[in-house]
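J.: Turn this into a structure:
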Amino acid sequence: MPASPSFNRRTVLALGAVAVLPRIAFAAPGGQIAALFAGKVDDGGFMQAGYDGLKLAEARLGATVAFTQGIAPKQEELSEALRALAKAGPDLVIAHGGQNNAAGKAVAAEFPEIRFAVTQGNVTGPNLASYEVLQEQSAFLAGMLAGLTTKTGVVGHMSGIRVTPGLKGRAAYVHGVRHANPNVKVLTNFSGNQDDNPLSKKIAAAMIAAKADIIFTMLNAGRMGAVEACREGGAKQIGNVRDWTTVVPEVFIASAFADSGQALFNAARDFVEERFAAGQIRQIGLETPEAVRLIMAGTVPADVKGRIEVTAAEIAAGSFAVPAEWEGTEFAIPT
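T.: Numbering: from 1, shown residues only. Below you'll find the predicted structure:
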């Protein structure tokens, strides 16, 4: 069952002024904004980035904000949680993550007087918009870096849930590797779980045993399991969402920065500024480097950085299209 959207003082103390949605009337110049996170807001990854975007909306826009978290990424449970948020009467409900596409579209139709947004989504409606940070653009550059710097000729990719943005990110990474070096082999896996550290360690260790010396991880709370495997196996890692090169510098050579919180903030800002994009999908890419870019460690050779920067400029200018689809054999989860 989803977390109850009732006021919880312990949540406020632990997480700041943003709380689970109270069943009271809001009053704020920036409106009443509620968000759903299909995961924990302290996961060090995608959900936390979204939560930071919600806090930014509170601080900069003067909005009264609230949220519910820890919802299983299943349509029935997501729909139930979105319904509970909408019944509390906010002006805008934001569902963070593409796993909310179906639930967001269904519940938005039930509450036509409320605006809805899905981040990393691809759904629209009369009162529904999607806001997408194009993480596949920085993922493509991550693939280029892996292809240009691997010493074994084998690199890896790891993710959990098969949501559209994650699939596009995987496709972009694989194509980025091939763009840089078509002879490099890519091992790719979706484990079904973004937050399971023992599982991610097991998969990363198996990839390293299969000669992968660089692994691109598109994970949330389960990333540290892969970090442990890389430490033990002598492999390097490319992170995503945030800058991991400063968090675990001995492991991360780069991070495919893609601030999904910017998508959430933009939805809130558009609503407050009375230009909410109902019926539209608004996208943010490399042309907005504060939201999307490849962060490279100082150890990356200058010539490699230069080549990647040229491609990044082409993507930002619209003269280079990042492929969003890939078909091939996946790396099996070790038994």
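J.: the strands in the stretch 1-150 of the chain, which residues?
T.: Along the stretch 1-150 of the chain, counting by DSSP state E, counting those that start in this stretch, strands occupy 32-37, 64-68, 92-96, 115-119, 128-133.
J.: Quick check: which of the ones you listed is nearest to Gly318?
T.: With respect to Gly318, and counting by CB to CB, the nearest of the strands of the stretch 1-150 of the chain is strand 128-133 at 16.2 Å. Placement of C-beta: from N, CA and C, glycine included.
J.: So what touches that closest one?
T.: By CB atoms under 8 Å, 6 or more residues apart in numbering, the surrounding residues in contact with strand 128-133 are 104-105, 108, 115-124, 165, 258-260, 262-264, 266-267, 270, 276-285, 291-292.
J.: one step back: nearest to Asn240 among the strands of the stretch 1-150 of the chain would be which one?
T.: Distance to Asn240, taken as CB to CB, is lowest for strand 128-133 among the strands of the stretch 1-150 of the chain, at 10.9 Å.
J.: orientation of the closest one relative to strand 92-96 in degrees?
T.: 40 degrees (axes from the mean of the first three to the mean of the last three CA atoms, to 10 degrees).
J.: could you redo the strands of the stretch 1-150 of the chain as CSV and give each row mean neighbour count?
T.: CSV is the format used below for these (neighbours: other CB atoms under 10 Å):
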stretch, mean neighbour count
strand 32-37, 27
strand 64-68, 25
strand 92-96, 30
strand 115-119, 30
strand 128-133, 26
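J.: out of the ones you listed, nearest to Asp43?
T.: Checking the strands of the stretch 1-150 of the chain against Asp43 by CB to CB gives strand 32-37 as the closest, at 8.9 Å.
J.: Using PDB, write down the CA coordinates of that closest one.
T.: Extracted in PDB, the C-alpha atoms of strand 32-37 (Å, rounded to 0.1, in the frame of the first residue of the first chain):
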ATOM      1  CA  GLN A  32       0.200  23.900  -3.900                       C
ATOM      2  CA  ILE A  33       2.500  21.200  -5.400                       C
ATOM      3  CA  ALA A  34       2.500  17.500  -4.400                       C
ATOM      4  CA  ALA A  35       5.000  15.000  -5.700                       C
ATOM      5  CA  LEU A  36       5.200  11.200  -5.900                       C
ATOM      6  CA  PHE A  37       8.500   9.400  -5.700                       C
END
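J.: Now do the contacts for the residue nearest the centre of the chain.
T.: Closest residue to the average C-alpha location of the chain: Phe46 at 4.1 Å, with CA atoms, centre = their mean. If you count contacts by CB under 8 Å, 6+ apart, Phe46 has them with Gly39, His96, Gly97, Gln194, Asn220, Val241, Ser260.
J.: Swap in 6 Å and give it another go.
T.: Asn220, Val241, Ser260 (CB atoms under 6 Å, 6 or more residues apart in numbering).
J.: go on, Ala106?
T.: Per CB under 6 Å, 6+ apart, neighbours of Ala106: Ser79.
J.: So it versus Pro301, what's the distance?
T.: 50 Å (CB to CB, to the nearest Å).
J.: Ala316 - how many residues pack around it?
T.: Ala316 has 17 neighbours, counted by other CB atoms under 10 Å.
J.: hmm, I was thinking of Arg60
T.: Applying other CB under 10 Å, we find 13 residues neighbouring Arg60.
J.: same question, Asp91
T.: For Asp91, the neighbour count with other CB under 10 Å is 20.
J.: Could I get the CA-only coordinates of stretch 84-98 as PDB?
T.: Output in PDB follows, covering the C-alpha atoms of stretch 84-98 (Å, rounded to 0.1, in the frame of the first residue of the first chain):
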ATOM      1  CA  ALA A  84      -4.500  10.000  -2.700                       C
ATOM      2  CA  LEU A  85      -2.400  13.000  -3.500                       C
ATOM      3  CA  ALA A  86      -5.000  14.500  -5.800                       C
ATOM      4  CA  LYS A  87      -7.800  14.000  -3.400                       C
ATOM      5  CA  ALA A  88      -5.900  16.300  -0.900                       C
ATOM      6  CA  GLY A  89      -6.500  19.200  -3.300                       C
ATOM      7  CA  PRO A  90      -3.200  20.500  -4.600                       C
ATOM      8  CA  ASP A  91      -2.900  22.700  -7.700                       C
ATOM      9  CA  LEU A  92      -0.300  20.500  -9.300                       C
ATOM     10  CA  VAL A  93       0.700  16.800  -8.900                       C
ATOM     11  CA  ILE A  94       4.100  15.700 -10.200                       C
ATOM     12  CA  ALA A  95       4.900  12.100 -10.700                       C
ATOM     13  CA  HIS A  96       8.700  11.700 -10.700                       C
ATOM     14  CA  GLY A  97       9.900   9.100 -13.200                       C
ATOM     15  CA  GLY A  98       8.800   7.500 -16.500                       C
END
